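Fold the stuff below for me.
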Amino acid sequence: METNPFKDDTKIKVLLAEPSAGMVDCIAHDNRLDQYIEMGRLESAGRFKFFTGNTGRCGINYARETMANEAIKLGMDYLFMTDDDMILPRKCFERVYETLVAEKADIAAPICTQRVYPFKPVMYQHEWIKGDTGERLSNNMVEDYEPNSVVKVDGIGFGVVLISVPFLVKMKEKMPRGMFFSNSDIGEDIWFCINAKRLLDAKIVVDTSVKVGHLRHPEMATEWDYIKATGRKEKFAGVYRDDGSFVCVPQAVAA
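Alright, predicted model coming up:
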């Protein structure tokens with residue numbers, strides 16, 4: 001039996017990466033411990049093997065770059081990145097993984113929102129617009145979607161994201177200087193998605209039945225805040241009550 005966990009082909013190997021500034025908010029840290037306990041449960045069932053990574057203090061694009069390259073070097077199957085200001089629900093990894101596999105996607109994510117009003121979901125569709133100087137890419141936010149659905153998109157924010165490492169290997173070969181992430185104004189995650197679509201026609205999906213909280217001061221923003229802010233309560237009446245509690249348990253929807 002293989003005793004080296006990095007070489008055990010009987011397990012699905014996942015690098016858990018937290019690209020932070022090296023200082024993790026205490027509330028997020030508590031939630032992360034909950035996630036690791038859940039992942040221990042998954043490991044004990046024998047299907048997955050999890051590894052952890054943190055780069056310490058560095059820019060977000062450099063942290064993501066390092067973690068992507070380490071996932072390749074270590075022979076991981078998946079890279080699961082969670083920012084230190086995201087509050088994950090129960091079975092978050094498990095449900096996003098199942099969605100990625102079911103959809104045959106390269107990249108999958110739960111629904112995450114901006115931390116500021118009106119708390120728009122960070123998922124995007126790309127549109128090429130013709131102008132006097134040629135075509136330019138417009139990165140448009142997806143604001144209307146069916147409740148508890150899987151949405152195919154062109155780009156996402158990387159607050160919480162699951163990426164296939166074999167896809168990363170293919171993408172690295174096509175990137176200038178082999179680098180995935182940019183520190184340009186467009187954002188390192190959007191830049192990654194633009195190139196993933198442009199170079200490899202990546203399939204990117206968001207499972208909106210998996211609800212992630214985004215820490216703000218002194219609250220966190222969720223899909224419910226977005227629905228209230230944009231007048232979509234009636235459309236989501238089968239998901240949320242007027243006080244924001246669930247009509248049904250999202251896990252049951254996913255099942």
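
Model confidence score at residue 232, please.
Looking at residue 232, its pLDDT stands at 96.

Wasn't it part of a strand?
No: per DSSP: H, G, I helix; E, B strand; the rest coil, residue 232 lies outside any strand segment and is coil.

Show me where the chain has its strands.
Remark: strands assigned in the chain by DSSP state E are 12-17, 48-53, 78-82, 86-87, 107-111, 123-131, 134-141, 150-153, 155-156, 160-164, 204-211, 213-215, 220-221.

and the fourth one, what other elements does it pack with?
When you say that, I think you mean strand 86-87. With contacts taken as 3 or more CB pairs under 8 Å, 6 or more residues apart in numbering; DSSP states H and E, strand 86-87 sits against helix 26-44, strand 213-215. Just so you know, the C-beta spots here come from the backbone N, C-alpha and C atoms, and that holds for glycine as well.

So in that sheet, which strands flank it, and in what orientation?
According to DSSP bridges, strand 86-87 has the following sheet partners: strand 213-215 (antiparallel).

Same question for the first one.
Taking DSSP bridges as the criterion, strand 12-17 forms sheet pairs with strand 48-53 (parallel), strand 78-82 (parallel).

Show me the shaky parts of the stretch 101-250 of the chain.
By pLDDT under 70, the low-scoring segments of the stretch 101-250 of the chain are 183, 185, 249-250.

tell me which residues in stretch 83-95 are buried?
Using 16 or more other CB atoms under 10 Å as the test for burial, stretch 83-95 gives 83-89, 91-95.

can I get the CA coordinates of it in CSV?
Below are the C-alpha coordinates for stretch 83-95, written out as CSV (Å, rounded to 0.1, in the frame of the first residue of the first chain):
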residue,chain,number,x,y,z
ASP,A,83,-10.4,33.9,1.0
ASP,A,84,-10.2,34.6,4.7
ASP,A,85,-13.3,36.9,4.7
MET,A,86,-15.7,34.2,3.4
ILE,A,87,-18.1,32.3,5.7
LEU,A,88,-18.7,28.9,4.1
PRO,A,89,-21.9,26.8,4.7
ARG,A,90,-21.9,23.2,5.8
LYS,A,91,-20.6,20.7,3.2
CYS,A,92,-19.5,23.6,0.9
PHE,A,93,-16.6,21.8,-0.6
GLU,A,94,-18.5,18.6,-1.0
ARG,A,95,-21.4,20.2,-2.8
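
Now find how far off-centre that stretch is within its chain.
Taking CA atoms, centre = their mean, to the nearest Å, the mean C-alpha location of stretch 83-95 is offset from the chain mean by 9 Å.
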